[in-house]
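>>> Below: sequence and its predicted model.
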Amino acid sequence: MVNKQILESPKRAAKPSQKWTIWSWLSLFAQGVALAGFLAVLYSFFLPTFRKSEKLRRDSASLNTEVSGLERTRDLLREEVNALTGNPDYIERYARDKLHLAKQGEYVFRFDSYKKSFSQTSPDKHSR
């Protein structure tokens, strides 16, 4: 059985209120400074690692973009190789366009593409 006096006793042992003295404030301040110092040491220890991992993530993303571009180029080159090995019409067009070849007795006319230069100004109709 439980002692009824303990349960019914309204008077419990009250904690005496703690008075804040200069030493308790200094102790609390020293603990705060120690915690801040510890966190500063952790920060300075792990900061280079965090920066390096972030740089590696950026480099990885950049390299992944470059790899996808190179894969696209590889696919285009494979298609061109397949066309050059198996398509006689493509071979003839390639020889005419890239190598500037022509059949015997054939005349080839080449025209430069028209490019208007902005540095050349046309005469103004209204400036007489």
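Nice, I can see it.

>>> Roughly how far does Ala34 sit from Leu47?
Going from Ala34 to Leu47 by Cβ to Cβ, to the nearest Å gives 20 Å. Yep, even glycine has a C-beta here, placed from its N, CA and C like the rest.

>>> Where does the prediction get shaky in this structure?
For the chain, residues meeting the criterion pLDDT under 70 lie at 1-18, 115-128.

>>> redo that, cut-off 50
128 (pLDDT under 50).

>>> Look at the most centrally placed residue in it and give its secondary structure.
The centroid of the chain falls nearest to Arg58 when counting by Cα atoms, centre = their mean (4.2 Å). Put simply, Arg58 is helix when judged by DSSP: H, G, I helix; E, B strand; the rest coil.

>>> what about it, distance to Ser44?
Taking Cβ to Cβ, one finds Arg58 at 22 Å from Ser44.

>>> And the helices in this structure?
For the chain, the helices defined by DSSP state H occupy 4-8, 22-86, 88-97.

>>> Dump those helices to TSV, plus distance to Lys103.
Listed next are the helices of the chain as TSV, based on distance: least, Cβ to Cβ, whole Å:
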stretch	distance to Lys103
helix 4-8	116
helix 22-86	19
helix 88-97	9
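
>>> Nearest to Phe109, out of these?
Counting by Cβ to Cβ, Phe109 lies closest to helix 88-97 out of the helices of the chain; the figure is 11.9 Å.
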